[in-house]
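# Kindly return the folded structure for what I paste below:
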Amino acid sequence: MFMEENYTIEQKFYKVLPIKNNVVFPGVMMPIAVSQKKSQKLIREAEKQGSPIILLTRKNNSNADPTGDELYAVGTFAHVVQNIPVPEMGKDTMMTIFEGLHRVKVVEYQNNNGNLEALVQPMDEIMPATNDKHFHATVDAIKEAVENILDKKDGAAGLQASLKNLKSSPSFLNYVCGIYQMPTATKQGLLEIHDLNERATALLAILEKDLEELNIKEDIRRRTHEAMDKQQREYFLQQEIETIKKDLGDTGAQTIKELRERAEHKQWSEATAQVFNKELQRLEHMPTHSPDYSTQLSYLEVMLELPWNTYSEDNFEMTHAQEVLNRDHFGLDKVKERIVEYLAVQRQLSLRSAKEKENNPVKSPILCLYGPPGVGKTSLGKSIAEALGRKYARVSLGGLHDEAEIRGHRRTYIGALPGRIIDSIKKCGTSNPVFVLDEVDKVGADYKGDPTSALLEVLDPEQNSTFHDNYLDVDYDLSHVLFIATANSLDTIPRPLLDRMELIEMTGYLQEEKIEIAKRHLIPKELKNHGLKSTQLRFSKEILGHIIDDYTRESGVRSLERQIATICRKIDTKLALNEEYNVSPTLEDVRAYLGQARFSRDIWETNKYVGVVTGLAWTQVGGEILFIETSLSAAKAPTLTLTGNLGDVMKESATLALGYVKAHAKELGIKPEIFEKTAVHIHVPEGAIPKDGPSAGITMTTALVSAFTHRLVKPRIAMTGEMTLRGKVLPIGGVKEKLLAAKRAGITDIILCEDNRKDVAEIAPIYLKGLKLHYVHDISEVLAFALV
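Modelled structure (predicted):
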């Protein structure tokens, strides 16, 4: 294996053969595969001429024709022993066996017709003394380490056949250095060591390190095998299945690749990207059969499906927004005005520079529409979304009592899901939808938490830019969402939550408004739902008014819609039976279709009784008139009896009215002594219905004065207003509803507080036609006008 010929290294340029991933040591024969034609030509010429070659190892393999700077300076003076064709490696590849002769160091390079040549100087090795015990002991340790490695490492099997033939310690040392698998840079380092004693020590350290790693692996394998039970055996079987799937191309690698590609297109922040990549790495190291794999995959899917910093473009056409709102809803002027204002503000803000937008981001308002059922609070949210050109999302909070429904469940729980806020945003596909939080006044609370507390963060413009969902565990920006909460009552909503919302009251519709809503929306909708044409069924305003008065008692129009649907079904039946019917139903037809009237409204009655005054009241289903009846009877002691299911406020109004009459008896023409022997009874009819409110003061006072003075009240007159003990008339609310109720009841004259004049100014003139309004400051003005 080792040649004895001595070669003299002359002071001339020798041809250089760059080699990859290998280092040739002196005294060692090394087979090297050569595929480049240029290198093969160089080798054949050297073999033919019997001239040696300088073998230099490449520092890197990037350049096919490296320069001197890309080669290590220390190499091996070698000669060609044999060329062997290797067909299995390719027809252009040959295997050349080189024998290393001596170490050399390059002094200078030159390029000879495209071939790299080098002037070198020999590098003698420092040989140990023959009796150097330290060197021989080190070599023995190397032999022992190599033998142990041969038993454990398949890659070192090529050494086994040659170890027994090596008698010389230096030859053995260089042979192990050249054949043993280690990084090329490490081998080059060993070659550059002059002292064989030091080279042996360095090699022993490398071998011992590898041996230690092999021992650790073997120990782990042994302990794992010893601890293996049934569950572990199943695990390894699953691993085998995964290996088979991998060979078949069915692995989770494709899923990881797809997730990573989708993440590249997300517009999320750097912090969010770091969280995603960290969780993706966890998924990558999980076996696909693991129970945690599907949970982790679901979490990453949620992150990818969320519209991070993706916004729909607002439609800033003011006329378009007004057309959509007016098309879908009649009335509701305050709400429509607020939406148009919001759109106008957004339009102005969109004109800002990018820097201004970054420093002062837009914060959407939080609106709360509250009012009785059926007035269109929820449907208005959908119209607002269409007017703005945004996506629409809705979550019903009625009966909600678990905080996790808002904030989401922590992923430590089985079946964890994101909260309903984040889930709805994910379904919308944009981060700025119109989001309706329905029935916010019906949220409950129990041991699972208080959802209204979680809503404090959602509905606070100062906080919702960093909304934290427990499942997502990453802050999400909700500041661009236009939240619209709906409620029937504000009494059950916590004060801190109310403070975060802009309250807009939606009162019940008036009869006139219901008629318009029916003609514009309900009737066309029900005709379409029942397959009828407008030529087959028509409703007059008079008939619609009768249906509203006699068959519905509501603030909204849901019951009215049901009654119209009932009539449509009756018409469908008549068409199916080929029966004749009136295209425009009469009052008799309506009674035949809907049955007898279910409700009745009070109308003005004759004024032939003293002590009877017509008052006005507000209810959630509109205005009503009510009669205050007063009767006097002889008694031993003065008493005041109140009947009609009156509330505390109305009882106080009656007491105050009687007190005023007593205090001003002479002015009113009443003998003071009559109070000492008179029992006063005030009654408000329909005692089964609770009544209360601060607007019956002047009505009760007028009724008492009428009863005590035996003066009748003028015909077709009604009044509403509270009063003080001094007789000053105070303003009241619900003016619009009360005036329309009076008009429907046949009233022509209405007495109001002077301060209510501004409320009347907001009412359309068409609703006031046929009414005379009389504004007063003091109760004396009321009595002067009302009593005959």
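# Pull the number of nearby residues for residue 627.
20 (other CB atoms under 10 Å). C-beta coordinates here come from the backbone N, C-alpha and C atoms, glycine included.
# And residue 772, by the same measure?
For residue 772, the neighbour count with other CB under 10 Å is 12.
# Same check on residue 363?
Residues lying near residue 363 (other CB under 10 Å) number 13.
# ok, now the one 5 residues further on?
Neighbours of residue 368 under the rule other CB under 10 Å: 24.
# so it, which of the three states?
At residue 368 the chain is in strand, as set by DSSP: H, G, I helix; E, B strand; the rest coil.
# who's in contact with it?
Residue 368 is in contact with 440, 484-487, 498, 501-504, counting by CB atoms under 8 Å, 6 or more residues apart in numbering.
# of all the residues you listed, which two lie farthest apart?
With CB to CB as the measure, no two of those lie farther apart than 484 and 498, at 14.9 Å.
# Of the two, give the one with the bigger neighbour count.
More crowded of residue 484 and residue 498, by other CB under 10 Å: residue 484, with 27 against 16.
# how much space between that one and residue 365?
Separation of residue 484 from residue 365 (CB to CB, to the nearest Å): 9 Å.
# try residue 396
If you go by CB to CB, the gap between residue 396 and residue 365 works out to 22 Å.
# Tell me the helices and strands packed up against the longest helix anywhere in the chain.
Criterion DSSP state H: the longest helix present in the chain is helix 196-227. Helices and strands touching helix 196-227, by 3 or more CB pairs under 8 Å, 6 or more residues apart in numbering; DSSP states H and E, are helix 133-152, helix 169-179, helix 184-191.
# Okay, angle between the longest one and helix 196-227 too, please.
The directions of helix 133-152 and helix 196-227 differ by 30 degrees, with axes from the mean of the first three to the mean of the last three CA atoms, to 10 degrees as the criterion.
# same check, this time on the second one
Orientation check (the same axes, to 10 degrees): helix 169-179 against helix 196-227 gives 60 degrees.
# Pull out the buried positions in helix 169-179.
Residues of helix 169-179 classed as buried: 169-178 (neighbour count, 16 or more other CB atoms under 10 Å).
# Would you reformat these as TSV and include pLDDT and distance to residue 386?
What follows is those, written out as TSV (pLDDT from 0 to 100; distance: CB to CB, whole Å):
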residue	pLDDT	distance to residue 386
169	78	92
170	83	91
171	82	90
172	83	88
173	84	86
174	86	85
175	85	85
176	86	82
177	87	80
178	85	80
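# Columns distance to residue 671 on top of the residues you listed, output as a markdown table?
Below are these laid out as a markdown table (distance: CB to CB, whole Å):
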| residue | distance to residue 671 |
| --- | --- |
| 169 | 145 |
| 170 | 146 |
| 171 | 147 |
| 172 | 143 |
| 173 | 141 |
| 174 | 142 |
| 175 | 142 |
| 176 | 137 |
| 177 | 136 |
| 178 | 138 |
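# Help me confirm that residue 404 comes into contact with residue 423.
No. Shown here, residue 404 and residue 423 do not form a contact pair, counting by CB atoms under 8 Å, at 12.0 Å.
# Would you state the strands of the stretch 401-550 of the chain in chain order?
Using DSSP state E, counting those that start in this stretch, the strands of the stretch 401-550 of the chain run over residues 434-438, 467-468, 475-476, 482-487, 502-505.
# hang on, isn't residue 557 packed against residue 379?
No. Counting by CB under 8 Å, residue 557 sits too far from residue 379 to count as a contact (10.7 Å).
# of those two, who's got more company?
Comparing residue 557 with residue 379 by neighbour count (other CB under 10 Å), the higher total belongs to residue 557, at 24 against 13.
# Mind telling me what element residue 10 is part of?
In the assignment (DSSP states H and E), residue 10 maps to no helix and no strand.
# Equivalent analysis for residue 733, please.
Under the assignment here (DSSP H and E), residue 733 is part of no helix and no strand.
# excluding its backbone neighbours, what's nearest it?
residue 618 (6.7 Å; CB to CB, 6 or more residues apart in numbering).
# Return the per-residue confidence for the one you found.
Here the pLDDT value assigned to residue 618 is 78.
# can you check residue 248 too?
For residue 248, pLDDT reads 56.
# most tightly surrounded among the helices and strands packed on helix 196-227?
Greatest average neighbour count among the helices and strands packed on helix 196-227 goes to helix 169-179 (a mean of 21), per mean count of other CB atoms under 10 Å.
# tell me what it is packed against?
So helix 169-179, by 3+ CB pairs under 8 Å, 6+ apart, packs with helix 133-152, helix 160-163, helix 184-191, helix 196-227.
# do that again at 7 Å, thanks
helix 133-152, helix 196-227 (3 or more CB pairs under 7 Å, 6 or more residues apart in numbering; DSSP states H and E).
# Minimum distance to residue 122: which of those helices has it?
Across these, residue 122 has its closest neighbour in helix 196-227 (15.8 Å, CB to CB).
# Now do the closest one and helix 184-191, the angle between them.
140 degrees.
# Pull out the buried positions in stretch 663-679.
Under 16+ other CB under 10 Å, the buried positions of stretch 663-679 are 664-665, 668, 670, 678.
# what comes up buried for the longest strand along the chain?
Using DSSP state E, we find that the single longest strand of the chain is strand 94-112. By neighbour count, with 16+ other CB under 10 Å as the criterion, the buried positions of strand 94-112 are 94, 96, 98-104, 106, 109.
# per-residue pLDDT, residue 750?
pLDDT, residue 750: 94.
# for residue 156, same thing?
Note for residue 156: predicted pLDDT of 49.
# CA atoms only for the longest strand of the chain - export them in CSV, please.
C-alpha atoms of strand 94-112 as CSV (Å, rounded to 0.1, in the frame of the first residue of the first chain):
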residue,chain,number,x,y,z
MET,A,94,-13.1,8.0,-13.5
MET,A,95,-11.6,6.9,-10.2
THR,A,96,-8.0,7.8,-9.7
ILE,A,97,-5.8,6.3,-6.9
PHE,A,98,-3.3,8.8,-5.6
GLU,A,99,-0.4,8.1,-3.2
GLY,A,100,0.5,11.0,-0.8
LEU,A,101,4.3,11.4,-0.7
HIS,A,102,5.0,14.6,1.2
ARG,A,103,3.4,17.6,2.7
VAL,A,104,4.1,20.9,0.9
LYS,A,105,3.2,24.5,1.2
VAL,A,106,2.5,26.7,-1.8
VAL,A,107,4.9,29.6,-2.3
GLU,A,108,3.5,31.0,-5.6
TYR,A,109,0.9,30.3,-8.2
GLN,A,110,1.0,30.7,-11.9
ASN,A,111,-1.5,30.1,-14.8
ASN,A,112,0.0,28.0,-17.6
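# Check which helices and strands that strand sits against.
strand 29-34, strand 74-85, strand 115-122.
# buried set for the longest one?
Neighbour counts using 16+ other CB under 10 Å place 74-81 of strand 74-85 among the buried residues.
# Does it pack against any helices or strands, and if so which?
Against strand 74-85 (3+ CB pairs under 7 Å, 6+ apart) you get helix 37-49, strand 53-57, strand 94-112.
# Need the ones you listed in TSV (columns: mean pLDDT and distance to residue 257).
Below are those laid out as TSV (pLDDT from 0 to 100; distance: least, CB to CB, whole Å):
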stretch	mean pLDDT	distance to residue 257
helix 37-49	86	39
strand 53-57	91	37
strand 94-112	89	39
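# Present those as JSON lines; the columns should include distance to residue 223.
Listed next are the helices and strands packed on strand 74-85 as JSON lines, based on distance: least, CB to CB, whole Å:
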{"stretch": "helix 37-49", "distance to residue 223": "50"}
{"stretch": "strand 53-57", "distance to residue 223": "41"}
{"stretch": "strand 94-112", "distance to residue 223": "43"}
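# Which stretch among those approaches residue 344 most closely?
Comparing the helices and strands packed on strand 74-85 by CB to CB, strand 53-57 comes nearest, at 75.6 Å.
# Not counting the closest one itself, show me its contacts.
The contact list for strand 53-57, computed with CB atoms under 7 Å, 6 or more residues apart in numbering, reads 14-19, 22-24, 46, 71-72, 75-80, 98, 104, 118, 120, 184, 188.
# Right, I'll leave it there.
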